[in-house]
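>>> Here you go, sequence then predicted model.
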Amino acid sequence: MKEVSAKEAFELMEKDPNYIYLDVRSIPEFEKGHPIRALNIPLLHFNPGMGMMPNDDFVKVVEASVPKNAKVLVGCQMGGRSAQACQIMSQLGYSDVANVRGGYGGAMDYSGRISEPGWSTLQLPTCKTCDDESQYSNLAAKAKK
């Protein structure tokens, strides 16, 4: 699986506006802040009292929202969920996907120190209320049409 750092992901997006940043974190995580131009399609949904549960519509919404030939940077909070999403997307026929190591918040070592800085820890451009088209509710609604 191809991997890039959060800094490399930002640089790729700056050089080539055709890159898509797919944020697979939960909706509440995405709403607290996300990389600029990110699309939110959660791999897992947060359900109070139950924790994280699989998003049964992940594949359908990804296929409806992201062209198979797109250059896709897949990120989550630390890099684990995005690695899973990259594997799923590769099996679906996406040929240019890269996992963003460290994701949005940064990966931590066993002592709690950041071992791979993430998008927010590097202070790369973020937003909380960007384009409505990037929100999962809108992407899921389009996928049902």
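Yes, it's here. Numbering: from 1, shown residues only.
>>> all strands for this protein, in order.
Using DSSP state E, the strands of the chain run over 2-5, 20-23, 34-35, 38-40, 44-47, 51-54, 72-75, 97-101, 107-108, 114-116, 126-127.
>>> Out of those, which gets nearest to Ser65?
Closest of those to Ser65 is strand 38-40, at 6.2 Å (criterion: CB to CB). Bear in mind the C-beta positions are built from the backbone N, C-alpha and C, glycine included.
>>> in its sheet, what does the closest one sit against?
Based on DSSP bridges, the strands next to strand 38-40 in the sheet, each with its direction, are strand 20-23 (parallel).
>>> number of nearby residues for Asp23?
As a burial measure, Asp23 scores 30 neighbours (other CB atoms under 10 Å).
>>> For it, which non-adjacent residue is closest in space?
In space, not counting the residues next to it along the chain, Asp23 is nearest to Ala38; the distance is 4.3 Å by CB to CB, 6 or more residues apart in numbering.
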